[in-house]
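>>> from the sequence below, what's the structure:
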Amino acid sequence: MTDPAGSGTGSVAVGRAPLTAAEVAERHARGEANVIAARTSRSFGEIFRANAFTRVNGIYLVMLLLILGTGYFIDGLFGLLIIVNSVVGMVQEVRAKRTLDRLALLSKAPARVERATGVAEVDVEQVVLDDVVLVAAGDQIPVDGVVLDATGFEVDESLLTGESEPVLAGVGYELKSGSFVAAGSAAFRATAVGEHAYAARLAKEASEFRKPSSQLRAGIDQILKYVTWALIPVGVLTIVNQIWGHAEDWRNAVRGLVAALVPMVPEGLVLMTSVAMAVGVIRLGRRNCLVQDLPAIEQLARVDVVCTDKTGTLTEDGMRVGSVEPLGVADDRIEAALAAIGRAEGKPNASMAAILEHVATAPALAVQTSVAFSSARKWAAVQCTGTGAGCVETWVLGAPDVLLPPGHPVRMRSDALASDGLRVLALARSDAALPDPAAAGDGLPDGLVATALVVLDQRLRVEAPGAIAYFAEQDVDIKVISGDNAAAVGAIAAEAGVPNGRDAVDARTLDPESARFDAEVQTRTAFGRVTPTQKRAMVHALQADGRVVAMTGDGVNDVLALKDADVGVAMGSGSPAARAVSRIVLLDNSFATLPHVVAEGRRVIGNIERVATLFLTKTLYSILLALLVAVTAVPFPFLPRHVTLIAWFTIGIPAFFLALAPNTARAQDGFVRRVLDAAVPGGIGAALASYGAYLTARAVLGTGHDLRVLTSSTAFLALIIVAFFVLITVARPFRPWKIGLVGAMIGGMLVVILTPFGSRLFDVDLHDPRAVLIGCAFGAAGIGVRYAARAVLRAVYAAVTRGRQRREAAAG
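Residues are numbered from 1 along each chain as shown. Got it, this is the predicted structure:
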C-alpha cells in the first residue's frame with residue numbers, strides 16, 4: 001500500500017462549501033453535469049436502419065425488381081423475406097432494448113452528494129462540477145475529484161492503471177473516475193464530469209476498456225467471407241450462362257438467373273443469430289438478470305468452472321450476531337469498542353452491519369483515529385483515549401487467525417466454531433497506538449490481547465444446493481473462494497453440496513508464483529482466507545489451464561476477479577464497483593438464477609450452430625449447383641418460386657423454432673469447423689442429387705419446352721429429399737415437438753406440391769411416375785453421397801491435424 005497524499009486518517013475539512021440549488025441549476029444550464037452518451041443498446045432509429053438497410057435486403061430488392069420486370073409476380077415471393085427479415089429483427093431487438101433499459105435502470109447505483117440543503121442521493125448523471133461527493137467502501141468513483149476529507153480511505157485504481165495495491169488517499173489526493181473504494185470513506189470535490197472525466201476519456205480512446213470479443217460473431221463473419229469468395233465468380237458464370245448462353249426468352253433467362261442467385265445468400269444466418277441473442281436477453285430479463293454485453297451470453301455457453309464467493313452468494317445477505325464471548329473484559333467495554341469500530345466505517349459490510357445492529361443502543365468509545373476494514377487486511381481498528389493522562393488504547397476487530405498467533409487458545413476456540421459454518425471475529429485490545437499506515441509491517445499495534453469473540457450466524461441460501469447439483473450434472477466444476485476462515489468456508493461448501501468442499505485450503509499457504517498454486521487451484525474446490533489479488537490469480541490459473549471461468553461475487557474484494565473472469569456475475573445487492581465490472585448482474589440476488597443463466601447461454605449458442613448448418617447447407621448446394629449448370633451450359637433447373645418453397649419448409653420455418661429450442665450441450669471451440677463439417681457434405685449431396693436427377697430427366701423424358709416443368713420437378717423432388725434429411729439430422733436428438741415440427745414441414749410440402757392449386761401455383765408437376773422414380777432414386781443417392789463426403793472430409797481433417805502436430809513436435 002502506498003501513501004502519496006497524507007495518512008488518510010482523521011477528518012480534516014478543506015474548502016467544503018456545498019453547492020446551493022441555484023448553483024446546481026446554473027451548472028446544469030452550462031452543461032457541467034455528469035452526462036455521458038453511454039447506452040445499454042441502440043436507439044430505435046439505429047435499430048430500424050440496422051435491420052432494414054442490410055446487404056442481404058439490398059441484394060433481394062435488386063432480384064425482386066428484376067423478377068417484377070418479367071411479369072411473373074409469383075416468382076417474387078422471396079421478396080417477402082425483405083419484410084420478414086426486417087420486422088422480425090426489429091421486433092426482437094426492440095424487446096431486448098426495453099428489457100435492458102429497464103434492468104439497467106434498476107441496477108444503477110445512485111451517488112451521494114452534500115449540498116446546501118443536506119446530503120442527498122441523486123442519479124450519477126445529476127452530479128455537477130464542484131459538487132461535494134460522498135463515497136465509502138464498495139462505491140465506484142463516479143467523477144474525477146480532489147479529496148476534501150477522509151477516514152481510512154483506500155482507493156483501488158487497478159481497473160484503470162493495472163496497479164493491484166490500493167492507494168491510501170488523504171486530503172488533496174486526485175481521484176480518477178472508474179476507480180473504486182477499497183476501504184474507508186471520504187468526501188471529494190468534483191473537478192471533472194461527463195465526457196471530461198478520466199474514465200470517459202479512457203473509454204473513448206479505447207485504452208484499457210476493450211470491446212468484448214465474440215468467437216461466434218467472428219466465426220459467422222469468417223463463414224460469410226468464404227461464401228462471398230465463392231459467390232462472386234459463380235454468380236458471374238451464372239449470369240453469362242443464363243443471359244448469353246441460351247437462345248431463349250429473356251424473361252425465362254432472368255427467372256433462371258434469380259433462381260440461381262437468391263438461394264446463394266445465407267439470408268437467415270445473421271437474422272437468426274440476432275434473434276436468438278435478443279430472445280436470450282429477454283428470457284434472462286424475466287429472471288431479473290441484466291446482461292451488460294451480448295457476447296457474455298456466448299461465453300456462458302462455454303463455461304466449465306464457476307468460482308463463487310461464499311458470503312452473500314452461497315449464504316444469505318444478512319447476518320446476525322449469534323453471541324459475543326467475553327474474555328475477561330466487561331460487557332459494556334466490549335460493546336462500546338464494537339460500537340466505535342462499527343460507527344467509524346463509512347459503509348459497513350455485512351458483518352459490521354450485524355455488529356452495529358447488535359450494539360445499536362450502546363455508547364461508543366471516543367475515537368481519535370481509525371483504520372477502516374479492508375479485505376486485504378481482514379481487520380479494522382480504532383485508536384481511543386486511554387484511562388490515564390496522555391494514554392491511548394487501540395481496539396482491533398478482525399479475523400482471529402490474523403490477529404492471534406498459531407496455537408493461541410482463543411484462536412483454537414474460533415477454529416472450532418468456524419468448522420460449524422459460523423463466522424467468527426476476534427476483538428483485541430492494545431495499550432499501544434496505531435502504527436503509521438505508511439510504515440512497513442502489518443499495521444497492527446504491539447501487545448494485542450484478545451478480549452472477545454463475536455460469533456455471526458450465516459445461513460446458506462435455500463436455493464444453493466440445487467444450483468450446485470445442477471452444475472455437477474452439467475460437468476461444470478464449482479470452486480468456493482472466500483476471504484473467510486478456511487474451516488467456515490469448508491463447512492458452508494460441504495453443506496451446499498460442493499464436492500470435497502469440506503477440505504478447504506487456507507490460501508495464506510499458497511504463493512501465486514509457485515507451481516503448487518496452479519495445482520491446488522485446479523484440483524481443490526474450496527479456499528479460505530483468499531485475498532483479492534489471490535482471487536484474481538486463481539481465475540488466471542484456471543484460464544491458463546484452458547478453462548472458461550465464470551466468477552460470482554458481490555463485494556469490493558471480488559472486483560479484480562470479476563473483471564478478469566471470462567464471465568463476471570455480480571449480485572444485485574452487491575457493491576456498485578462489483579456490478580460495474582461484471583458482464584451479468586443478478587438483480588434478484590438469487591444464486592438459483594445462475595443455472596438458468598448458463599443454460600440460456602448454452603441454448604442460444606447450440607441452436608445458432610444448428611441454424612447455421614441449415615442455412616449454410618442451402619448456400620453450398622446453391623453455389624455448387626449453379627457452378628455445375630454453368631460449366632455444362634444447361635438451363636438452370638429451378639424457378640425462383642421453387643427455391644422460395646424449398647427455403648420455407650426445409651430451412652426458414654424450422655430454423656426459427658430450432659433457434660429457440662432448449663439445448664443443454666456445452667459450447668466448444670471450433671464453431672466454423674463444426675458447421676462446415678455438417679454443412680459441406682449435405683450441400684454436396686443435395687447439389688449432386690438435384691443436378692443428376694435433372695440431367696437424367698432431360699435424357700429420359702425429353703427437353704422440349706412443354707417438358708421443362710416435368711424435368712424441373714424431378715430435380716426439385718431429389719433436392720427436397722436430401723434437404724429434409726439434413727433437417728432431420730440437425731433436429732436430433734428428437735423430442736415429441738421436434739418430430740411434430742419435421743412432420744409438419746414434410747406434410748406442408750406434400751400438400752403444396754400434390755394438390756392441384758399448389759402444383760399450379762408453384763409450377764410443380766410430378767404426374768409422370770418416371771419423374772418420381774428418378775427424383776427418389778437420386779434423392780437416396782444424394783443422402784449416400786452426404787455420408788461418403790463427410791467420411792472423406794473427416795479423414796482429410798484428421799490427416800491435416802496429424803501433420804500439423806508432427807510439425808509442431810519437430811519444431812518444439
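
>>> from Ala33, how far off is the residue nearest the centre of the chain?
Geometric centre of the chain, nearest residue: Ala296, 1.7 Å, by Cα atoms, centre = their mean. Distance from Ala296 to Ala33, counting by Cβ to Cβ, to the nearest Å: 30 Å. Every C-beta, even on glycine, is put in place using the N, C-alpha and C of the backbone.

>>> hang on, Thr191 in a helix?
No: read with DSSP: H, G, I helix; E, B strand; the rest coil, Thr191 is strand and lies in no helix.

>>> now do the strands in the stretch 101-250 of the chain.
With strands called from DSSP state E, counting those that start in this stretch, the stretch 101-250 of the chain shows them at 111-115, 118-122, 132-136, 144-156, 167-168, 174-175, 180-192.

>>> if we ignore the residues flanking it in sequence, what's nearest Phe180?
Of all residues not flanking Phe180 in the chain, Ala577 sits nearest, at 3.5 Å (Cβ to Cβ, 6 or more residues apart in numbering).

>>> contacting residues around that neighbour?
138-140, 180-181, 556, 559 (Cβ atoms under 8 Å, 6 or more residues apart in numbering).

>>> quick check: the farthest pair among these?
Asp139 and Val559 (11.4 Å; Cβ to Cβ).

>>> between these two, which contacts overlap?
Joint contacts of Asp139 and Val559 (Cβ under 8 Å, 6+ apart) are 180, 575, 577.

>>> on that earlier part again, who wins on neighbours among the contacts of Ala577?
Most neighbours among those, by other Cβ atoms under 10 Å: Val559, with 31 neighbours.

>>> quick check: the residue nearest to the centre of the chain vs Leu620, distance?
Counting by Cβ to Cβ - Ala296 and Leu620 are separated by 32 Å.

>>> what's the answer for Ala488, then?
If you go by Cβ to Cβ, the gap between Ala488 and Leu620 works out to 58 Å.

>>> check contacts around Lys347.
By Cβ under 8 Å, 6+ apart, the neighbours of Lys347 are 136-139, 181, 185.

>>> I meant to write Ala344 there.
With Cβ under 8 Å, 6+ apart, Ala344 has these contacts: 151-152, 367, 370, 372, 380, 382.

>>> between the residues you listed, which sits nearest Met551?
Looking at the contacts of Ala344 and their distance to Met551, the nearest is Ala372, at 24.8 Å (Cβ to Cβ).

>>> still on that earlier bit, CSV for the strands of the stretch 101-250 of the chain, including mean pLDDT and distance to Val321?
Shown next, in CSV, are those (pLDDT from 0 to 100; distance: least, Cβ to Cβ, whole Å):
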stretch, mean pLDDT, distance to Val321
strand 111-115, 91, 27
strand 118-122, 90, 28
strand 132-136, 91, 22
strand 144-156, 87, 23
strand 167-168, 81, 30
strand 174-175, 91, 35
strand 180-192, 88, 22
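
>>> tabulate these (TSV), appending distance to Gly89.
Shown next, in TSV, are these (distance: least, Cβ to Cβ, whole Å):
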stretch	distance to Gly89
strand 111-115	37
strand 118-122	37
strand 132-136	42
strand 144-156	40
strand 167-168	47
strand 174-175	43
strand 180-192	38
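
>>> among those strands, which is nearest Ala399?
Ala399 lies closest, by Cβ to Cβ, to one member of the strands of the stretch 101-250 of the chain: strand 180-192, at 14.9 Å.

>>> shaky segments in the stretch 301-450 of the chain?
Residues of the stretch 301-450 of the chain that meet the criterion pLDDT under 70 lie in 317, 388-389, 437-442.

>>> what number of residues lie near Val629?
Val629: 27 neighbours (other Cβ under 10 Å).

>>> Thr644 belongs to a helix?
Yes: under three-state DSSP, Thr644 falls within a helix.

>>> wait, it sits on Val84?
No: using Cβ atoms under 8 Å, Thr644 makes no contact with Val84, being 11.7 Å away.

>>> tell me which of those two has more neighbours.
Thr644 (23 against 15).

>>> contacts only, for the more buried one.
77-78, 262.

>>> and which of those residues is nearest to Leu750?
Nearest to Leu750 out of those is Leu77 (Cβ to Cβ; 18.9 Å).

>>> in a markdown table: the shared contacts of Asp139 and Val559, plus distance to Ala190.
Output for those, formatted as a markdown table (distance: Cβ to Cβ, whole Å):
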| residue | distance to Ala190 |
| --- | --- |
| Phe180 | 17 |
| Ser575 | 21 |
| Ala577 | 18 |
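
>>> hang on, the earlier thing: out of the contacts of Lys347, who's nearest Asp304?
Gly138 (29.9 Å).

>>> the closest one and Glu154, how far apart?
Counting by Cβ to Cβ - Gly138 and Glu154 are separated by 12 Å.

>>> shared neighbours of those two, anything?
When Cβ under 8 Å, 6+ apart defines a contact, the residues bordering Gly138 and Glu154 alike are Val181.

>>> let me see the backbone angles for Ser370.
phi -150, psi 160 (degrees, to the nearest 10).

>>> beta partners of it?
Here Ser370 sits in beta bridges with Val382, going by DSSP bridges.

>>> give me the neighbour count for it.
25.

>>> Glu26 too?
When neighbours are defined as other Cβ under 10 Å, Glu26 has 13 of them.

>>> contacting residues for Ile783?
Contacts of Ile783 (Cβ under 8 Å, 6+ apart): 685, 689, 721-722, 725.

>>> ok, and the closest non-adjacent residue to Ala469?
Gly497 (6.0 Å).

>>> and the one you found, how many neighbours?
Neighbourhood size, Gly497 [other Cβ under 10 Å]: 17.
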